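> what follows is a predicted structure for the sequence shown.
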Amino acid sequence: QESRGLGDVYKRQNILFVLLTVLLSSCFELDNYDAPNAGINGSLIDSETGEVVYTEQPDGCRIKLLDLGYKDPTPLYFWAKANGTFRNVALFEGDYKVSPIEGPFFPVIEEELSLKGVTDHNFKVTPYLKIKLVEVVPGEAGEVTVKFSLKRSTVPEGMEIGKKTISEAWLLCNTMPVVSYYNGGYNDELSVKKTLSRTSDETIESKDQEITLDKLKSGVKYYLRLAALSSCSYNSTLKRYNYSEIFEFVAP
């Protein structure tokens, strides 16, 4: 009886050993899925000026892809960069419908692209506003005045907006080279907002605007960026800002 008991124990141990071996081998089994072999790379280009349209990352603009190899594809999304470029190299070769969405520009029609390897493709968009840096004027210690222009883009055919759409402008300031309105991208104590909702767009566009910052520490390098908001109906929900490039300023 004692020997039969030991035999049962050995049998159970053998069975457990086999089960563990099977489980471990399945855990370390290599997957047979193909690796991504395609991608898309490009820029958001102003349809009127040919210049790059700046944004922020995230919450600036997303690129949407629909894989046409599926009957009902699940949309794929990724964020464009703050400098107006985008890149995703984790895709598979095939035909896609692609479009930039949720950006500071009027809606665009999606395009059908065949992605083989990394495909270069730019999207032409019409930004709500064009904001241009004109001049940076150092003042007394701890001050700087930034002059800039604001213009509305020509509204794309078939779309309509009201006569009054320029609602505000910002001179954003940060001590780091990442500057944006959302995502904690600016120093609230140093940045300044200019309310433009009570001034006609024609008046705003007719002359340069300016914003002055103070309280800057002498000798410190700051990163500045202009931002402007359109209140047109196409931007009423997401409230995306149009931006200038980021520029540096060392307080006198």
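Looks like it came in fine. Numbers count the residues shown, from 1 in each chain.
> next, count neighbours for Ser233.
By the criterion of other C-beta atoms under 10 Å, Ser233 has 12 neighbours. In short, each C-beta sits where N, CA and C put it, glycine included.
> so who does it touch?
By C-beta atoms under 8 Å, 6 or more residues apart in numbering, the residues touching Ser233 are Ile161, Gly162.
> got the phi and psi for it?
Backbone torsions of Ser233, given as degrees, to the nearest 10, read phi -60, psi -30.
> next one, pLDDT for it please.
On pLDDT, Ser233 comes in at 96.
> and it, how far from Asn242?
16 Å (C-beta to C-beta, to the nearest Å).
> swap in Pro36?
Computed as C-beta to C-beta, the Pro36 to Asn242 distance reads 33 Å.
> more neighbours: those two, which one.
Set side by side, Pro36 and Asn242 show more neighbours around Asn242, with 24 against 12, by other C-beta under 10 Å.
> contacting residues around the more buried one?
Counting by C-beta under 8 Å, 6+ apart, Asn242 has contacts Val53, Tyr54, Pro104, Pro127, Tyr128, Leu129, Lys130, Ile131, Ala227, Ala228, Leu229, Ser230.
> those residues in helices, which ones?
Under the assignment DSSP state H, the contacts of Asn242 contribute nothing to helices.
> now, those that are in strands?
Of those, the ones assigned to strands by DSSP state E are Leu129, Lys130, Ile131, Ala227, Ala228, Leu229, Ser230.
> as a markdown table, the residues you listed with distance to Thr199 would be great.
As requested, the ones in strands among the contacts of Asn242 are exported to a markdown table (distance: C-beta to C-beta, whole Å):
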| residue | distance to Thr199 |
| --- | --- |
| Leu129 | 14 |
| Lys130 | 17 |
| Ile131 | 16 |
| Ala227 | 17 |
| Ala228 | 13 |
| Leu229 | 14 |
| Ser230 | 14 |
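> where exactly do the strands run in the stretch 1-150 of the chain?
38-46, 62-67, 76-79, 85-91, 94-101, 111-115, 117-120, 123-125, 129-138, 144-152 (DSSP state E, counting those that start in this stretch).
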